[in-house]
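Trainee: this one's structure only:
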């Protein structure tokens, strides 16, 4: 049972345009969401996060939007750059349960930014 | 400051062999995790630790054991490797459950033949 879903395995965007990566979740206990970026042969690196008390968080070119009623979040990258080409993972956690920051990951979306 | 390191980077095992993967972090993090990544599956939590001397099961713990004898190290053991354990293994650490950002190592690619 995939609790965090990234339904688009891949996305291609032109340099300078906006990249929008989507993520859906089913567990209503999730209250903290993160995006990670992964280059080949490297570990994932943290990109941006959002708490369920917010609906938007911005960090430079990256903005995450959260729609709790739809159980949907999205990552916007503006403007997209060739160095953004990577696999992006959405992750979620339920901070109110358990003692560790256990993350549930989506299957990832491969973003390719073309010249 | 090396962050999270993993040893080895690559390994090939025969079915039934055993091995230990080592994870080390120099950020003084309390929490450490082991994940596996398989094609089309995302990252799945194998075991985790909330502090020195503690371990707990994650989503896919069968066939693995872990130990956290020192705060900076988290070991993942395979007692009798199976082809289904062919995967890329990532170790991660985090400071606290309040901030959920985890810092990942570069991964170990394990092939079991």
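Mentor: Nice, thanks for sending it over. Fair warning: this is a prediction, and the values are worked out from it, not measured in the lab.
Trainee: list the contacts for residue B:27?
Mentor: The contact partners of residue B:27, by CB atoms under 8 Å, 6 or more residues apart in numbering or on different chains, come to B:1, B:3-4, B:93, B:95, B:103. Every residue, glycine included, has its C-beta placed from N, CA and C.
Trainee: which ones among the residues you listed come in contact with chain A?
Mentor: Checked against chain A using CB under 8 Å from any CB of the partner chain, the contacts of residue B:27 give the following subset in range: B:4, B:103.
Trainee: Just among the contacts of residue B:27, which is most surrounded?
Mentor: By neighbour count, taken as other CB atoms under 10 Å in any protein chain shown, the most surrounded of those turns out to be residue B:93 (26 neighbours).
Trainee: Name the SS class of it, please.
Mentor: When the structure is split into helix, strand and coil by DSSP: H, G, I helix; E, B strand; the rest coil, residue B:93 lands in strand.
Trainee: does residue A:51 really touch residue A:32, like I thought?
Mentor: Yes. Proximity of residue A:51 to residue A:32 meets the contact threshold set by CB atoms under 8 Å, at 5.6 Å.
Trainee: So between these two, which is more surrounded?
Mentor: The neighbour comparison of residue A:51 against residue A:32 (other CB under 10 Å) goes to residue A:32, with 22 against 12.
Trainee: mind checking pLDDT for the nearest residue to that one once chain neighbours are set aside?
Mentor: Distances taken as CB to CB, 6 or more residues apart in numbering or on different chains put residue A:93 closest to residue A:32, at 4.9 Å, once the chain neighbours are dropped. In the prediction, the pLDDT value recorded for residue A:93 is 90.
Trainee: cool, and residue A:2?
Mentor: What the model reports for residue A:2 is a pLDDT of 82.
Trainee: and it, how many neighbours?
Mentor: 15.
Trainee: do residue B:10 as well
Mentor: For residue B:10, the neighbour count with other CB under 10 Å is 9.
Trainee: didn't it look like it was pressed against residue B:108?
Mentor: Yes. Taking contact to mean CB under 8 Å, the distance of 7.1 Å between residue B:10 and residue B:108 places them in contact.
Trainee: Assign a three-state SS to the closest residue to chain B within chain A, would you?
Mentor: When you check chain A against chain B by CB to the nearest CB, the closest residue turns out to be residue A:43, at 3.3 Å. Here residue A:43 is coil, with the state taken from three-state DSSP.
Trainee: mind checking pLDDT for the closest residue to it other than its chain neighbours?
Mentor: Distances taken as CB to CB, 6+ apart place residue B:104 nearest to residue A:43, at 3.3 Å, with adjacent residues excluded. On the pLDDT scale, residue B:104 is placed at 96.
Trainee: residues near residue B:104, how many?
Mentor: For residue B:104, the tally of surrounding residues (other CB under 10 Å) stands at 22.
Trainee: same check, this time on residue A:83
Mentor: The criterion is other CB under 10 Å. On that basis, residue A:83 has 8 neighbouring residues.
Trainee: Wasn't it part of a helix?
Mentor: Yes. Under three-state DSSP, residue A:83 sits within a helix.
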